[in-house]
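# Give the three-dimensional model of this entry:
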Amino acid sequence: MTALRIVLTGACGGVGRAMAIGFAEAGHNLVLVGRKAESLSALRDGLPRPRSHRYIVTDLLTEESVSELCAEIADGPAIDVLVNNAGISMFGLFTEADDKEMQRSLQLNLLVPMRLTKALMPLLLDSQHGAVINIGSGFGSIGFAGFSVYCASKFGLRGFTEALQREYANTHLCVHYLAPRAVNTAMNSASIVAMNDELGNKVDEPELVARAALDLLRCKKSRNRYLGWPERFFVSLNALFPSVVSGALKKQLAVILRYARN
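Numbers count the residues shown, from 1 in each chain. Next up, the predicted model:
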């Protein structure tokens, strides 16, 4: 496979780190984006061929930082792929959600990927291997109690991805949507972990998501990839018969609300 230059946001998180390792081991060159210089430096230095990778420290929550990041990327070597991985979770009762946290979640999970994709689009279109991979969630297709704000952001990201897939259907640009189920990372609070344990929800390791992302790099057409069984089935079922899924989730509601109140 051709060595690609990949911009990876959220590189220091559990999924981001796993993707960075997987991409580098496959021979790709990385631009690692994150908030902590020490973590990014350690990650880069631990990758195969560390001198082939670079990192950029930035806070994606400000428009100025996003603009500066894109300008710095544009001044460097040509890029082929943008992986919009940076994101945050938000769990709790909707009426108790903090307005600033809601804005932060929507900003990082939805608006930042949109802004980055828009700014870097000319570079991606210049590449014969241009691709965007948006890291979504099963909750981008299934509304789940306790995750109203998070669902809103991931539903938006899925819609954005679908629209781009259709807008660029006549070009060589691939736009992918990768939707994991619950993943074993530090992004999950203690309440989320305990709730998943009690409900029997399966949790995947970050390396599984990384392998799926690597598979998408080999695709020549835009793809939507949903991970986990029976989660993939429920995504399809919810699209066709949402009342059936609502009935199944209602049986879990007492447990969900108990943890959401915590």
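# alpha carbons only for contacts and neighbour counts from here, please
Noted.
# show me the contacts for residue 183.
Counting by C-alpha atoms under 8 Å, 6 or more residues apart in numbering, residue 183 makes contact with 203-206.
# Next up, phi/psi of the closest residue to it other than its chain neighbours, please.
Excluding its sequence neighbours, the residue lying closest to residue 183 (C-alpha to C-alpha, 6 or more residues apart in numbering) is residue 204, at 4.8 Å. Backbone dihedrals for residue 204, given as degrees, to the nearest 10, come out at phi -100, psi 160.
# which phi and psi does the residue nearest the centre of the chain have?
Geometric centre of the chain, nearest residue: residue 135, 2.4 Å, by C-alpha atoms, centre = their mean. Main-chain torsions, residue 135, degrees, to the nearest 10: phi -90, psi 110.
# Please convert the buried members of the contacts of residue 183 into ChimeraX selection syntax.
Command for ChimeraX, covering only those of the contacts of residue 183 found buried under the criterion 16 or more other C-alpha atoms under 10 Å:
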select :203,206
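# just to revisit the earlier point, any idea of the pLDDT on the residue nearest to the centre of the chain?
pLDDT for residue 135: 98.
# For it, list each beta-bridge partner.
Note on residue 135: beta-bridge partners residue 178, judged by DSSP bridges.
# Next up, the contacts around it.
Contact analysis of residue 135 by C-alpha under 8 Å, 6+ apart lists 83-85, 177-180.
# Residue 184 now?
14, 203-206.
# do residue 130 as well
Residue 130 is in contact with 80-81, 124, 172-174, counting by C-alpha under 8 Å, 6+ apart.
# let's go with 10 Å and repeat that
Neighbour list for residue 130: 4-6, 79-82, 121-124, 171-175, 217, 220 [criterion: C-alpha atoms under 10 Å, 6 or more residues apart in numbering].
# from those, which ones fall inside strands?
Within the contacts of residue 130, residues falling in strands by DSSP state E are 5-6, 81-82, 174-175.
# Need those residues in CSV (columns: pLDDT).
Converted to CSV, the ones in strands among the contacts of residue 130 look like this (pLDDT from 0 to 100):
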residue, pLDDT
5, 98
6, 98
81, 98
82, 98
174, 98
175, 98
